[in-house]
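Q: Here is a sequence with its predicted model. Questions after.
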Amino acid sequence: MHGFKVDEALCVKCGECARVCAVAAIGPGDDGVPVHLPAREGFCIACQQCLAVCPTGALTVCGVDPKGCVDFSQMPTLAQTEALFRLRRSVRFFKDEDVPPELLEKIVSVAANAPTGTNSRKLRYTVLEGEALRRFREAVYGKIEELDGKGLLTEKLSHLRRMAKAWRQGRDVIFRNAPHLLLVSSGREAMTPLEDGIISLAAFDLAAQSAGVGTLWLCFVAQIMEAAPDLRLALGIGGERVFCYAMLAGFPDVRFRRGVDRGSMEIHRVDFCK
Ligand SMILES: Cc1cc2nc3c(=O)[nH]c(=O)nc-3n(C[C@H](O)[C@H](O)[C@H](O)COP(=O)(O)O)c2cc1C
């Protein structure tokens, strides 16, 4: 079903592929070479852990050739990862220049490797740019004014009123004149739709920044999308999808010179006793 193939000349019959399989869909065949068990292969979640663990690269699954896979020696060090986390910044000033589609697509393809619950991968990136983004931006600010006019801007959303006012005065404090807006949604049938989308955007954020592309998480757009389902529908994000979150992207028109230090977080070790 998932194209589970073993190169018998390379297989050392160590059983590691069977051991790591989360759904016990792999077992030894008659000669000890692993097979997808007919009664279990329908449970395969296509996680590719069997391919990842094989010591000799004997296993192909989901059409992925082990020879083309990234090697473990390329794992970034903790110091490199720390540098990325310290150096990534919220960008609120963008150059008036599009990120080339190939680069944006490459970053999305990197983020596609982030984990999803049961590996369901039901995510979609809705991308707005150029004239479409300009129209959406106008619609969002108009929607804020519409909700306000009807008395529907709750206390929790009252900051949006100031933002719409600033827009009418020529300041775009929500979209920051960024060239690209990404809206992530997930198929409602996924086990963890909201979590998947936010984890994916976190991956997109870091991948983009490592490629010199600035990003900004957008809670204000997320709030509007929640308050105005008609805006979501106009973007093709209907009831069968869960809207997860929004992010801006573009080349930064600000140069940060150093990373930040936010200290650590509370770690609470509990001596659990019933
Ligand atoms: C979930 C989330 C939503 C955010 N929404 C916005 C937003 O709508 N507008 C904005 O200017 N910044 C937004 N931010 C950026 C935060 O203010 C920023 O991450 C924080 O101040 C730390 O700065 P840094 O990202 O440069 O480290 C958001 C951040 C997160 C994580």
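A: Ah, there it is. Numbers count the residues shown, from 1 in each chain.

Q: Centre-most residue in this protein?
A: Geometric centre of the chain, nearest residue: Ser200, 1.3 Å, by Cα atoms, centre = their mean.

Q: My read is that that one contacts Asn113, right?
A: No: in this structure Ser200 lies outside contact range of Asn113 using Cβ atoms under 8 Å: 9.5 Å. Every residue, glycine included, has its C-beta placed from N, CA and C.

Q: rewinding a little: how about the contacts made by the residue nearest to the centre of the chain?
A: Counting by Cβ atoms under 8 Å, 6 or more residues apart in numbering, Ser200 makes contact with Ala111, Ala112, Ala114, Thr116, Leu123, Val184, Cys244.

Q: Give me the contact status of the helix or strand containing it with the ligand.
A: Here Ser200 sits within helix 193-210, counting by DSSP states H and E. No: judged by Cβ under 6 Å from any ligand atom, helix 193-210 makes no contact with the ligand; its nearest approach is 7.8 Å.

Q: where's that helix relative to the chain centroid, distance-wise?
A: Centre-to-centre, helix 193-210 and its host chain are 3 Å apart (Cα atoms, centre = their mean, to the nearest Å).

Q: list the buried ones in the worst-scoring helix or strand of the chain on mean pLDDT?
A: One helix or strand of the chain scores below all others by mean pLDDT, DSSP states H and E: helix 219-227, with a mean of 92. If you call a residue buried by 16 or more other Cβ atoms under 10 Å, then helix 219-227 has these buried ones: Phe220, Val221, Ala222, Gln223, Ile224, Met225, Ala227.

Q: What of stretch 174-190?
A: In terms of neighbour count (16+ other Cβ under 10 Å), stretch 174-190 has its buried residues at 174-186, 190.

Q: Out of those, which is nearest to Ala132?
A: Leu181 (9.0 Å; Cβ to Cβ).

Q: list the contacts for Val213?
A: Val99, Leu103, Leu104, Ile107, Ala249, Gly250, Phe251.

Q: From Pro76, how far off is the closest residue in space to the first one that isn't next to it in sequence?
A: With Cβ to Cβ, 6 or more residues apart in numbering as the criterion, Val99 has its nearest non-adjacent residue at 5.5 Å, and that residue is Val213. Distance of Val213 to Pro76, computed by Cβ to Cβ, to the nearest Å: 18 Å.

Q: Distance-wise, check Glu82 relative to Val91.
A: Glu82 is 20 Å from Val91, by Cβ to Cβ.

Q: hang on, the earlier thing: nearest to the ligand among the buried residues of helix 219-227?
A: Phe220 (4.3 Å; Cβ to the nearest ligand atom).
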